[in-house]
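Participant: Sequence first, predicted coordinates after that:
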Amino acid sequence: MKYLSLLRGINVSGQKLIKMDDLKKLYLSLKFTDVTTYIQSGNVVFQSSINETEKIKDMIESAIYDQYGFAVSVQIKTARQIKEVVDHYPFKSIDPFAKGNKILVTFFSVLLDDKAVSEIKQYASANERVSYHGQVIYLYCPDGYGKSKLSNNLIEKKLKVNTTTRNWKTLLKLDELLGNKDNF
C-alpha cells in the first residue's frame, strides 16, 4: 500500500536536522519501498506491505529517535486519505492555485468535533477562514501563516493533540506523488 508520512518540526530554524537523503535511507532500512521525499520539511511517500498505520508510525518514530537522538511526531496517511482531503477543499470562492501558499491544511492525530473547531476559530483574525473535515482543519490566512495566531503550537496547546501543517501547493504535490489524479 502507498503511504505518506508527515514529520512534525524537522529542519525548522536549525532544529531537528535530518537530510532528506538520510531520511530516505532510514525508510529503506525499515523495508519500505519506492521511497520519495519532498522538500525539507519531512514529507515522505513510500510503499509498505504493513497495513497498520499505527505500527508504521511507531516504527518510523523509533527509528528516527534511535538514529538521531530526538523525538519527532509522525502522522501516516494513505493515498486515499490525502485524496479525500484535497477533494473536500472548502473555500470555493478562493482560488487554491493562486492562493496556494496562503491556504493550509493542519493534520490531526484524532478526529475533530465542533467543540474543538470552535475553540480554534476564536483565534482566527477577521479575514482568516477556518473549516474542518474529519482529521484536518483547512485554514485560509491571506496575510500569511507566519502572521496568523493559528500555528501548530497554539492548536496543539489548546486541543492537546499532535498536529502538522502543510500549505496547499505542497499538499497537491504530495497528492500527485501518491498517484492521485484529476484533482480540481
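Facilitator: Arrived safely, thanks for sending.
Participant: residues contacting the nearest residue to Ser151 once chain neighbours are set aside?
Facilitator: Once flanking residues are discounted, Ser151 sits nearest to Tyr145: 7.7 Å by CB to CB, 6 or more residues apart in numbering. All C-beta spots, glycine's among them, are computed from the backbone N, C-alpha and C. By CB atoms under 8 Å, 6 or more residues apart in numbering, the contact list for Tyr145 reads 102, 104, 139, 151, 165, 167.
Participant: Please flag which of those residues sit within strands.
Facilitator: 104, 139, 165, 167 (DSSP state E).
Participant: so which two of these are the farthest from each other?
Facilitator: Leu139 and Asn167 (9.5 Å; CB to CB).
Participant: any shared contact partners between those two?
Facilitator: With CB under 8 Å, 6+ apart as the test, Leu139 and Asn167 both reach 103-105, 145.
Participant: Next, format those as a markdown table and append distance to Leu178 and pLDDT.
Facilitator: Shown next, in a markdown table, are the shared contacts of Leu139 and Asn167 (distance: CB to CB, whole Å; pLDDT from 0 to 100):
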| residue | distance to Leu178 | pLDDT |
| --- | --- | --- |
| Ile103 | 19 | 96 |
| Leu104 | 19 | 96 |
| Val105 | 14 | 96 |
| Tyr145 | 23 | 92 |
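Participant: Can you tell me which of the residues you listed is nearest Ser73?
Facilitator: Val105 (16.1 Å).
Participant: what are the ranges of the helices in the chain?
Facilitator: Secondary structure of the chain, counting by DSSP state H: helices at 20-29, 53-68, 79-87, 114-121, 152-159, 168-177.
Participant: The fourth one versus helix 152-159: what angle between them?
Facilitator: For helix 114-121 against helix 152-159, the angle between stretch directions is 140 degrees (axes from the mean of the first three to the mean of the last three CA atoms, to 10 degrees).
Participant: And for the second one?
Facilitator: Between helix 53-68 and helix 152-159, the angle comes out at 130 degrees (the same axes, to 10 degrees).
Participant: Report the two of the contacts of Tyr145 separated the most.
Facilitator: Lys102 and Ser151 (14.8 Å).
Participant: which one of the two has more residues nearby?
Facilitator: Between Lys102 and Ser151, counting by other CB atoms under 10 Å, Lys102 is the more crowded of the two (20 against 15).
Participant: pLDDT at Lys55, what is it?
Facilitator: Lys55 is assigned a predicted lDDT (pLDDT) of 97.
Participant: wait, Ser109 sits on Thr164?
Facilitator: No. At 9.1 Å, Ser109 does not count as touching Thr164 under the criterion of CB atoms under 8 Å.
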